[in-house]
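Only the shape, not the letters, is given here:
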């Protein structure tokens, strides 16, 4: 487990790149699980990168404590502040920061040379295969695309066999095509990593694709933390005001496209999609946007929408807009959000506890690969 509690005030702008305002104060406390990705998510300037710098030892906060599996990296009250090289944190920045005069292979082996002799972790060949960079080994960084450079940077950090991986918006400098290229490799790395990962981002699609745990930040404070699927479904947080607000469903491909459609199973039901999410057994996470879900009080017939889910209306909450509300729908053990007008709420006489049907168009699904490998048969 990663335990973080930090307090630091910046009296001058530019003291750290994510905190450029006079009087900015970071005051946070959270705990990250011992495995998987913990995403630090929030708008620019909320303190995400400052937290990573303090954990890595690149910034000494005025007060705080950082511990990894019980080992104290920082405790200002006790006078403990390990230097960065003793913290064994692998850091990946927005820019790959590879050695330009060295080949890809030599860059990677530099990370391996930094690993303690008794440290356990993946070997050179395993990392190269994991990140799909075998064909790049003889090249130099100048001959790589942005996405390829980031994959090499990830490999170098992993080969140092850190106890903790820190990623500071590693995809922010890439265009949409390169981000799409790198995301599946990040997912594979997450599943193969034997250490926790702190991942800084302000891109919700990266949270959807990678995050197991989510720390939601605003103006140097923690608004909420917990499982990414739970935080996404909360209507009392700023995430609910976004156009893409909705729930995350962990799905498994049940059948490959037939007649142009694929079936996805989730706890409580099935969905069909026109997209091609992978072979049967592939696990995915799907963002189901609240604005793309309609409700009916009687089972609909003779409609083009194929995703009709029997549900129970659990709660009705304000949606931020005066003329809209959120409906929380229980679909078996899973939850779905629908965003409708107050006029529809009154016209349909909707109330908690009543049975309803949730209607979702297949074309609205946002697919994010949650695991690269298909599940065993």
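Nice, thanks for sending it over. All values reported here derive from a predicted model rather than from experimental measurement. Residues are numbered from 1 along each chain as shown.

Would you state the helices of the stretch 101-250 of the chain in chain order?
Applying DSSP state H, counting those that start in this stretch to the stretch 101-250 of the chain gives helices spanning 104-113, 124-131, 146-159, 176-192, 204-210, 228-232.

deepest of these, which one?
helix 146-159 (a mean of 24; mean count of other CB atoms under 10 Å). Quick note: C-beta positions are derived from backbone N, CA and C, even for glycine.

OK, contacts around the most centrally placed residue in the chain?
Centroid-nearest residue in the chain: residue 207, 2.4 Å away (criterion: CA atoms, centre = their mean). For residue 207, the contacting residues are 39, 41, 201, 214, 228, by CB atoms under 8 Å, 6 or more residues apart in numbering.

Of those, which belong to strands?
39, 41, 201, 214 (DSSP state E).

pLDDT weak spots in this structure?
12-23, 257-259, 362-377 (pLDDT under 70).

Let me see the domain layout of this protein.
Domain ranges of the chain: 2-232, 246-369, per automatic domain parsing.

Take these and write them to JSON lines, including distance to residue 239.
Formatted as JSON lines, the domains of the chain follow (distance: least, CB to CB, whole Å):
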{"stretch": "domain 2-232", "distance to residue 239": "7"}
{"stretch": "domain 246-369", "distance to residue 239": "9"}
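
Would you point to the one among those that's packed deepest?
domain 2-232 (a mean of 19).

Can you give me the end-to-end span of that one?
By CA to CA, to the nearest Å, the extent of domain 2-232 from end to end equals 22 Å.

what's across from the closest residue in space to residue 223 that isn't next to it in sequence in the sheet?
With CB to CB, 6 or more residues apart in numbering as the criterion, residue 223 has its nearest non-adjacent residue at 4.6 Å, and that residue is residue 216. In this entry, residue 216 is beta-bridged to residue 41, residue 224, by DSSP bridges.

got the end-to-end distance for stretch 55-65?
Stretch 55-65: ends 9 Å apart by CA to CA.

Could you pull up the residues touching residue 178?
145, 146, 147, 150, 171.

Quick check: the second one touching residue 173?
Spelled out, that is residue 146. Yes - with contact defined as CB atoms under 8 Å, residue 146 counts as touching residue 173 (6.6 Å).

thinking again about what came up before, okay, the residue nearest to residue 223 and residue 279: tell me how far apart.
Distance check for residue 216 against residue 279: by CB to CB, to the nearest Å, it reads 34 Å.

ditto for residue 30
Distance from residue 30 to residue 279, by CB to CB: 37 Å.

what's the answer for residue 98, then?
For residue 98, the distance to residue 279 - CB to CB - is 34 Å.

now swap in residue 199 and tell me
In terms of CB to CB, residue 199 sits 27 Å off from residue 279.

what does residue 189 give?
Residue 189 is 21 Å from residue 279, where distance means CB to CB.

now do residue 117
41 Å.

can you check residue 53 too?
From residue 53 over to residue 279 (counting by CB to CB), the distance is 41 Å.

and if you look at residue 222?
39 Å.

same question, residue 91
Taking CB to CB, one finds residue 91 at 35 Å from residue 279.

Let me see the contact set for the closest residue to residue 261 other than its chain neighbours.
Once flanking residues are discounted, residue 261 sits nearest to residue 272: 4.7 Å by CB to CB, 6+ apart. With contact taken as CB under 8 Å, 6+ apart, residue 272 is in contact with 261, 262, 263, 264, 306, 307, 362.

Going by secondary structure, residue 272 is in what exactly?
Per DSSP states H and E: residue 272 is located in strand 269-273.

and that strand, how far out from the chain's middle?
23 Å (CA atoms, centre = their mean, to the nearest Å).

and whichever helix or strand comes after it, which strands flank it?
Going down the chain from strand 269-273, the next helix or strand is strand 283-289, by DSSP H and E. If you go by DSSP bridges, strand 283-289 pairs up with strand 246-258 (antiparallel), strand 366-369 (antiparallel).

could you point out which element follows the first one?
The reference is to strand 246-258. Downstream of strand 246-258, the next assigned helix or strand under DSSP H and E is strand 261-266.

List the contacts of that next one.
Contacts for strand 261-266 (CB under 8 Å, 6+ apart): 249-256, 270-277, 284, 286, 306, 334, 362.

returning to what we had before: can you redo the helices of the stretch 101-250 of the chain as a markdown table with distance to residue 67?
Below are the helices of the stretch 101-250 of the chain laid out as a markdown table (distance: least, CB to CB, whole Å):
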| stretch | distance to residue 67 |
| --- | --- |
| helix 104-113 | 25 |
| helix 124-131 | 27 |
| helix 146-159 | 21 |
| helix 176-192 | 22 |
| helix 204-210 | 24 |
| helix 228-232 | 23 |
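
Let me know which of those is the nearest to residue 76.
Closest of the helices of the stretch 101-250 of the chain to residue 76 is helix 146-159, at 26.9 Å (criterion: CB to CB).

other SSEs contacting that closest one?
Judged by 3 or more CB pairs under 8 Å, 6 or more residues apart in numbering; DSSP states H and E, the packing partners of helix 146-159 are strand 89-92, helix 104-113, helix 124-131, helix 176-192.

of all the ones you listed, which lies closest to residue 162?
So among the helices and strands packed on helix 146-159, strand 89-92 is nearest, using CB to CB, at 3.5 Å.

Can you tell me what sits against the closest one?
52, 55-57, 111, 150, 153-154, 157-158, 160, 162-168, 170.

make it 10 Å
For strand 89-92, the external contacting residues (CB atoms under 10 Å, 6 or more residues apart in numbering) are 52-53, 55-58, 66, 68, 73, 84, 97, 111, 114-115, 121, 150, 153-170, 186, 193, 195, 197-199.
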